[in-house]
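Enquirer: Sharing a model that was predicted from the sequence below.
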Amino acid sequence: MSDHYNRKDTSELISASKIIGWREFVALPQLKIGRIKAKIDTGARSSAIHAFNIQERSQKGKKIIRFEIHPLQRDDQTIITTEAELLEYRKIRNSGGTAQLRPVIKTQIEVGQDIWAIELSLTNRDVMGFRMLLGRQAVRNKFLVDPGGSFLQSRRKP
């Protein structure tokens, strides 16, 4: 064990931090998504959201990505059409270990009472159990993850 990590530091971190469950309902207000279930995955470096019909265009010298989202699990009828400025295209390894070139955007996320900016890759997650994956970069220095807890920071159902 290193000198900078000891029991006192850990207990101070726990008492000063918020606890998040392994799954939470989150909001993405800039994308017009008031509620989407996300899996908190500390094994994944980056965050991703299910997106389809992805189109890129230019607007006033900026690249804009327009895309559609099914925000509800097991519901292919509810669709939100939204757009965001393209941050970049990035090679990201999927759960099978294959590298994919994905568009990445930056947007605000709301978890409980906290709102902050995250980077979010757009990919087809139709076959995945969750429409959104919140990776460790997004929750670093904000929450401790309780792998046995669910919806610890989520708002009540509307």
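Expert: In hand now; what should we look at? Numbers count the residues shown, from 1 in each chain.
Enquirer: Could I get the full set of strands for the protein?
Expert: Along the chain, counting by DSSP state E, strands occupy 18-21, 23-28, 33-41, 47-50, 52-59, 62-69, 80-93, 99-111, 114-123, 132-135, 143-146.
Enquirer: Give me the below-cutoff pLDDT ranges for the chain.
Expert: For the chain, the stretches with pLDDT under 70 are 1-17, 127, 155-158.
Enquirer: Tell me which residue is most central in it.
Expert: Geometric centre of the chain, nearest residue: residue 134, 3.5 Å, by Cα atoms, centre = their mean.
Enquirer: Can you name the residues that contact it?
Expert: By Cβ atoms under 8 Å, 6 or more residues apart in numbering, the contact list for residue 134 reads 24, 26, 38-41, 47, 109, 118. Just so you know, the C-beta spots here come from the backbone N, C-alpha and C atoms, and that holds for glycine as well.
Enquirer: try 6 Å
Expert: Residues near residue 134 by Cβ atoms under 6 Å, 6 or more residues apart in numbering: 38, 40, 47.
Enquirer: next one: residue 52
Expert: Here residue 52 is in contact with 68, 124 (Cβ under 6 Å, 6+ apart).
Enquirer: Could you tell me how far residue 150 is located from residue 40?
Expert: 10 Å (Cβ to Cβ, to the nearest Å).
Enquirer: what about these two, which has more around it?
Expert: Taking neighbours as other Cβ atoms under 10 Å, residue 150 and residue 40 compare with residue 40 leading, 29 against 15.
Enquirer: now that one: how far from residue 117?
Expert: Counting by Cβ to Cβ, the separation of residue 40 from residue 117 is 17 Å.
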